[in-house]
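Chemist: Build me a model:
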Amino acid sequence: MQFNIQSTDSQSSARNGLITTDHGTIETPVFMPVGTAGTVKAIHNKDLQQQVKASIILGNTYHLYLRPGLNVLRKAGGLHKFNAWNRPILTDSGGYQVYSLAHRRKLTEKGVLFQSHIDGSRHMFSPEGVMDIQRTIGGDIIMAFDECTPYPCEYDYAKNSMHLTHRWLDRCCQHFDNTDGLYGYNQSLFPIVQGSTYKDLRKQSAEYVASCQRDGNAIGGLSVGEPAEMMYEMTDLVCGILPKDKPRYLMGVGTPVNILESIALGVDMFDCVMPTRNARNGMIFTSEGIINMRNQKWKEDFSPIDPNGTSFVDEMYSKAYLRHLFVCNEMLASMIATMHNLSFYLWLVKQARKHIQANTFASWKDVMVKKLSLRL
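Modeler: Prediction:
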């Protein structure tokens with residue numbers, strides 16, 4: 001994998017870059033739609049490529065490991081062939097899902113013993129095992145196995161967890177370097193910075209991760225309930241330590257405002273279920289603010305969903321029609337809303353890239369943040 005910075009913004013730490021993988025190139029800053037079980041919910045891959053113009057999607061290690069299982073994925077030739085996606089894929093490590101199953105897991109030095117949420121069966125995730133699982137899934141970018149700490153989190157717990165994550169990282173790196181991909185293309189391993197919301201721990205972790213000299217680096221353990229300003233403070237601190245010539249991935253973030261503020265701090269890659277999950281619940285993101293599509297006020301509003309045309313569906317459907325579909329519980333409502341929200345997120349980062357290239361990002365960001373926070 002290669003990463004080249006194309007341009008920077010003089011009034012912030014924002015930068016526009018290009019990641020090159022064996023499955024294609026990714027312009028940054030980039031938003032990566034989340035395909036938990038091998039699909040981004042409520043949208044066809046063809047539309048994801050041609051209309052939304054996503055350059056990379058995520059696959060979820062925990063869920064794909066359980067279903068369809070590694071045997072199926074291996075026989076299919078990896079996730080790219082299984083789900084007919086010929087562009088880059090990033091797979092997470094399963095660490096966040098294990099974190100969210102705190103009542104179903106036991107954490108040890110060896111790894112994590114957990115119960116499946118599907119049938120209660122018991123499984124073990126170790127650093128080495130997670131590398132093998134992600135080799136089998138076949139992501140272009142794979143994540144190191146880590147423990148994601150909750151918020152709030154006691155200092156001693158965060159410290160011990162961080163050191164455990166670092167020991168697991170060493171094992172991930174060693175096993176990754178001693179194994180080969182299964183499908184004839186290169187894979188890159190990204191370590192994950194942890195340390196909760198403690199500055200000294202975040203600094204230690206960022207320095208440790210940077211010393212591993214991998215193709216890119218991730219920032220984890222944020223967007224788990226902490227105040228937004230605290231998230232930005234930790235992100236700013238870590239971005240100041242991680243290598244400038246490597247892509248920085250802020251995991252699980254977030255709202256359109258979160259993304260713009262984090263781009264300004266030097267983050268290159270984002271993912272979040274928010275645009276798809278919220279779409280299915282009738283929350284629509286637009287360039288003028290946030291819409292609850294079920295509200296009565298849109299019943300006779302025949303204007304486009306977004307007046308600035310951030311999605312191709314804006315040319316076809318009105319607010320009134322989309323509201324009608326939601327009220328009737330039509331499946332098409334989720335499909336149109338998902339198409340729109342993902343298109344909007346991809347439009348937003350594309351605009352960010354344009355303004356970074358024009359050296360106008362900081363002023364544009366400040367205007368957009370005020371708009372994007374409005375409830376219409």
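
Chemist: need the next SSE after the helix or strand of the chain with the lowest mean pLDDT, C-terminal direction.
Modeler: Of all helical and strand segments in the chain, the minimum by mean pLDDT, DSSP states H and E falls on helix 95-100, at a mean of 70. Scanning forward in sequence from helix 95-100 by DSSP states H and E, the next helix or strand is strand 105-107.

Chemist: how far is that following strand from where the chain is centred?
Modeler: 25 Å (C-alpha atoms, centre = their mean, to the nearest Å).

Chemist: How about stretch 326-333?
Modeler: 27 Å.

Chemist: quick one: terminal-to-terminal distance for that stretch?
Modeler: End-to-end distance for stretch 326-333: 5 Å, by C-alpha to C-alpha, to the nearest Å.

Chemist: domains of the protein?
Modeler: What automatic domain parsing lists as the domains of the chain is 30-272, 279-372.

Chemist: wait, which of those domains is closest to Q6?
Modeler: Of all these, domain 279-372 sits nearest to Q6, with 7.2 Å by C-beta to C-beta. Where C-beta positions appear, they are placed from N, C-alpha and C, glycine not excepted.

Chemist: Quick one: mean pLDDT over that closest one.
Modeler: The pLDDT scores in domain 279-372 average 97.

Chemist: mind listing the helices for the stretch 151-300 of the chain?
Modeler: In order along the chain, the stretch 151-300 of the chain carries the following helices (DSSP state H, counting those that start in this stretch): 155-177, 199-211, 228-239, 256-264, 274-280.

Chemist: and M316, which of those helices is closest to it?
Modeler: Across the helices of the stretch 151-300 of the chain, closest to M316 is helix 274-280 (C-beta to C-beta), at 16.0 Å.

Chemist: Give the helix, strand or coil label for E128.
Modeler: helix (DSSP: H, G, I helix; E, B strand; the rest coil).

Chemist: Look at it and report its pLDDT.
Modeler: 98.

Chemist: can you tell me which residues contact it?
Modeler: Applying C-beta atoms under 8 Å, 6 or more residues apart in numbering, we find E128 in contact with R171, C172, H175.

Chemist: what number of residues lie near the first one?
Modeler: Using other C-beta atoms under 10 Å, R171 has 18 other residues around it.

Chemist: For N217, grab the count of nearby residues.
Modeler: When neighbours are defined as other C-beta under 10 Å, N217 has 25 of them.

Chemist: what's near enough to touch the closest residue to it other than its chain neighbours?
Modeler: In this structure, N217 finds its nearest non-sequential neighbour in L242, 5.0 Å apart by C-beta to C-beta, 6 or more residues apart in numbering. When contacts are counted by C-beta under 8 Å, 6+ apart, L242 touches V193, A206, V209, A210, N217, I219, R248.
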